[in-house]
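Visitor: Below are the sequence and a predicted model; questions follow.
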Amino acid sequence: AQTVTQSQPEMSVQEAETVTLSCTYDTSENNYYLFWYKQPPSRQMILVIRQEAYKQQNATENRFSVNFQKAAKSFSLKISDSQLGDTAMYFCAFRSNNAGNMLTFGGGTRLMVKP
Amino acid sequence: DVKVTQSSRYLVKRTGEKVFLECVQDMDHENMFWYRQDPGLGLRLIYFSYDVKMKEKGDIPEGYSVSREKKERFSLILESASTNQTSMYLCASSVAPLAGQETQYFGPGTRLLVL
């Protein structure tokens, strides 16, 4: 079974600065997908960014980018120019290529952006 | 936009009661999921359904059952609620797995308190 670990339960960053959230995972598979989801306070969870394991290029979505290190089984999220609206719980998730669309989530990181 | 709705945002029940949590999606998605979210544990999959009347156990199905009589609706049932089922319950839906394009869309969650 796959496991996903987020080692930082809480983090904070000053507005306009850059922050990196860590995620590691354990799998014996070669093809899979990785995701970062964001859950703002009292609001619905939304997808931030996804990465296909077979792609070497790191995914980027505006101010959000990932550092995908397949050999190290690491998938960190970098948020540049942090905004107050980035305050949220962030979850890293893994999806096997062989398990339908089931996701395995990490424990989450609570990010606070301070003005 | 995809819309996933859940019948209640907050629910208080007594030990031993039968509890129904309803989820409805409006995008004709094949897959639907029920998760519970607990601090430090992230989201854990309870059950999922990949078609009407089809269901599969997730990681923590004990004490729960599900029903999917119509494509748009997926119900989670706690046959006899217990205090350890106090949690946030999240419903999600997605299209059937096709080359990694199956983003899961989440509902707002139901915070259940069992007394």
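Guide: That came through, no problem.
Visitor: I'd like to know the phi and psi angles of residue 28, please.
Guide: Picked chain A for this. Per-residue torsions, A:Ser28: phi -100, psi 0 (degrees, to the nearest 10).
Visitor: again, but for A:Leu84
Guide: phi -60, psi -30.
Visitor: what bridges to the nearest residue to it once chain neighbours are set aside?
Guide: With sequence-adjacent residues excluded and distances taken as C-beta to C-beta, 6 or more residues apart in numbering or on different chains, A:Leu84 is closest to A:Val113, at 5.3 Å. From N, CA and C alone the C-beta is placed, and that goes for glycine too. Beta-bridge partners recorded for A:Val113 (DSSP bridges): A:Val13.
Visitor: what's the neighbour count on A:Val113?
Guide: Look at A:Val113: counted by other C-beta atoms under 10 Å in any protein chain shown, it has 20 neighbours.
Visitor: Grab the nearest non-local neighbour of the spatially most central residue of chain A.
Guide: In chain A, the C-alpha nearest the mean C-alpha coordinate belongs to A:Trp36, at 3.3 Å (C-alpha atoms, centre = their mean). With sequence-adjacent residues excluded and distances taken as C-beta to C-beta, 6+ apart, A:Trp36 is closest to A:Val48, at 4.4 Å.
Visitor: tell me the SS of B:Ser67?
Guide: Of the three states, B:Ser67 takes strand under DSSP: H, G, I helix; E, B strand; the rest coil.
Visitor: pLDDT score assigned to it?
Guide: Looking at B:Ser67, its pLDDT reads 97.
Visitor: do the same with the one 5 residues further on
Guide: On pLDDT, B:Glu72 comes in at 96.
Visitor: Who are the contact partners of it?
Guide: Shown in contact with B:Glu72 (C-beta atoms under 8 Å, 6 or more residues apart in numbering or on different chains): B:Val24, B:Gln25, B:Asp26, B:Asp28.
Visitor: In contact with the nearest residue to A:Ala1 once chain neighbours are set aside: list those residues for me.
Guide: Nearest non-adjacent residue to A:Ala1, counting by C-beta to C-beta, 6+ apart: A:Thr104, 7.8 Å away. Contacts for A:Thr104 (C-beta under 8 Å, 6+ apart) come out as A:Ala1, A:Gln2, A:Thr3, A:Val4, A:Tyr25, A:Ala93, A:Phe94, A:Arg95, B:Leu45.
Visitor: What count of nearby residues applies to A:Thr20?
Guide: For A:Thr20, the count of nearby residues is 15 (other C-beta under 10 Å).
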